[in-house]
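Visitor: just a sequence and a predicted model for now, questions to come.
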Amino acid sequence: MRIFVTGASGHVASAVIPELLSAGHAVTGLARSDRSAAVVEGLGAEVRRGDLADLDALSAAAGEADGVIHLAFDHAQQGSGDLAGAVAADLRAIQAIGAALAGTGRPFVGTNATGAMALAGFSGVLTEDVTLPGGPRIDAENSVIALARQGVRSSVVRLPPTVHSHGRYGFVSGLIEISRATGTSGHLGDGSNRWPSADTRDIARLYRLALESAPAGVRLHAVAEAGIPLLEIARTIARRLNLPVAGITAENAEKHFGFLIDFVGLDNPVSSRRTRDALNWTPSHPGLIADLERDPDLAPTAP
């Protein structure tokens, strides 16, 4: 199949595109800059220039493809404080892609974050059958799933906050950056809240399986480890960087954690049992703590 991939120069795509190519698929990746285009070409994919705002280009590329994997989200816009703008752009892009695929029976694999469910108020162990009526990124998830009623074999992969491999760790990279800057590896309160995780290469395999065989209208969890306590993550960072570890009080949390303040206290345990059973998906790569322990770039900062 010829697969159109958005977010094709990102971390997840760096594993998804090789996974697709190794399985015999052809890949066209969306790139909005020369730098992004070079990355996409380096992965072995063809380049389609454009961005999420170019709805005509998205529609045309989706219409020419045998399937679509939507990885793109404007995290820079979110990071600048305009989450609503990033969410709205994502939803418009999904609608454009969905309209091009309607009635074709072709696969469309969308993306959400398990943390989005926790931020929207869900508590407890998140399973694949948990849905919410709306919220940031949740509206986009629901829109992808709704395409199953319009003749699209749509599915959504929910990603954990700690997508890791090759020295990149999702939100944990932020904790490492903050630890180096402050001289303390911190966790909020007693650190008992949990973050799920998965290696990027295991996630890539799940995207391919979803593209090839997921039933229409399913939600899938790309989670290898259901929930690692933030205390354990903070202790590992402290040991690798030779820094003290400390519980940060709520009063001092924003000052210490900065851009991670909305996420550092999330308790987000996630089950992937139904995903594993449905698609015969078995994560096989090292877990987060093992990845941190063997990272040669994690070393004490020189005085």
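Guide: Perfect, thanks for sending it. Residues are numbered from 1 along each chain as shown.

Visitor: so for stretch 222-233, what's the average pLDDT?
Guide: Stretch 222-233 shows a mean pLDDT of 98.

Visitor: I meant stretch 164-173, not that one.
Guide: Taken as a whole, stretch 164-173 has an average pLDDT of 96.

Visitor: next one: that stretch to chain centre, how far?
Guide: Centroid separation between stretch 164-173 and its chain, computed with Cα atoms, centre = their mean, to the nearest Å, is 11 Å.

Visitor: next one: stretch 28-43
Guide: Between the mean C-alpha location of stretch 28-43 and the chain-wide mean there is a distance of 19 Å, by Cα atoms, centre = their mean.

Visitor: gap between the two ends of it?
Guide: Taking Cα to Cα, to the nearest Å, the first and last residues of stretch 28-43 lie 11 Å apart.

Visitor: which residues of the chain fall in strands?
Guide: Remark: strands assigned in the chain by DSSP state E are 2-6, 26-31, 46-49, 67-70, 107-113, 153-159, 162-164, 185-188, 194-199, 218-221, 225-229, 245-248.

Visitor: partner strands of the shortest one, parallel or antiparallel?
Guide: The sheet places strand 162-164 alongside strand 194-199 (parallel), with pairing taken from DSSP bridges.

Visitor: got the CA positions of the partner strand in CSV?
Guide: C-alpha atoms of strand 194-199 as CSV (Å, rounded to 0.1, in the frame of the first residue of the first chain):
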residue,chain,number,x,y,z
ARG,A,194,2.2,6.9,37.4
TRP,A,195,3.2,7.5,33.8
PRO,A,196,2.8,4.7,31.2
SER,A,197,5.5,4.2,28.6
ALA,A,198,6.6,2.4,25.4
ASP,A,199,9.6,2.2,23.1
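
Visitor: just want the angle from it to strand 225-229.
Guide: Relative orientation of strand 194-199 and strand 225-229, computed by axes from the mean of the first three to the mean of the last three Cα atoms, to 10 degrees: 130 degrees.

Visitor: what residues does strand 194-199 touch?
Guide: 114, 159-165, 170-172, 222-230, 233, 266-270, 283, 285-288, 291 (Cβ atoms under 8 Å, 6 or more residues apart in numbering). (Each C-beta comes from the backbone N, C-alpha and C, glycine too.)

Visitor: before we move on, back to that, next, format the strands of the chain as CSV and append distance to residue 177 and mean neighbour count.
Guide: As requested, the strands of the chain are exported to CSV (distance: least, Cβ to Cβ, whole Å; neighbours: other Cβ atoms under 10 Å):
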stretch, distance to residue 177, mean neighbour count
strand 2-6, 27, 25
strand 26-31, 26, 23
strand 46-49, 31, 17
strand 67-70, 28, 26
strand 107-113, 20, 25
strand 153-159, 20, 26
strand 162-164, 14, 27
strand 185-188, 11, 24
strand 194-199, 16, 26
strand 218-221, 27, 23
strand 225-229, 19, 19
strand 245-248, 15, 17
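
Visitor: would you mind telling me which of these is nearest residue 278?
Guide: Counting by Cβ to Cβ, residue 278 lies closest to strand 218-221 out of these; the figure is 7.0 Å.

Visitor: what is the orientation angle of the lengthiest helix in the chain with strand 2-6?
Guide: For the chain, the helix with the greatest residue count under DSSP state H is helix 83-101. Interaxial angle, helix 83-101 versus strand 2-6 (the same axes, to 10 degrees): 170 degrees.

Visitor: thank you, goodbye.
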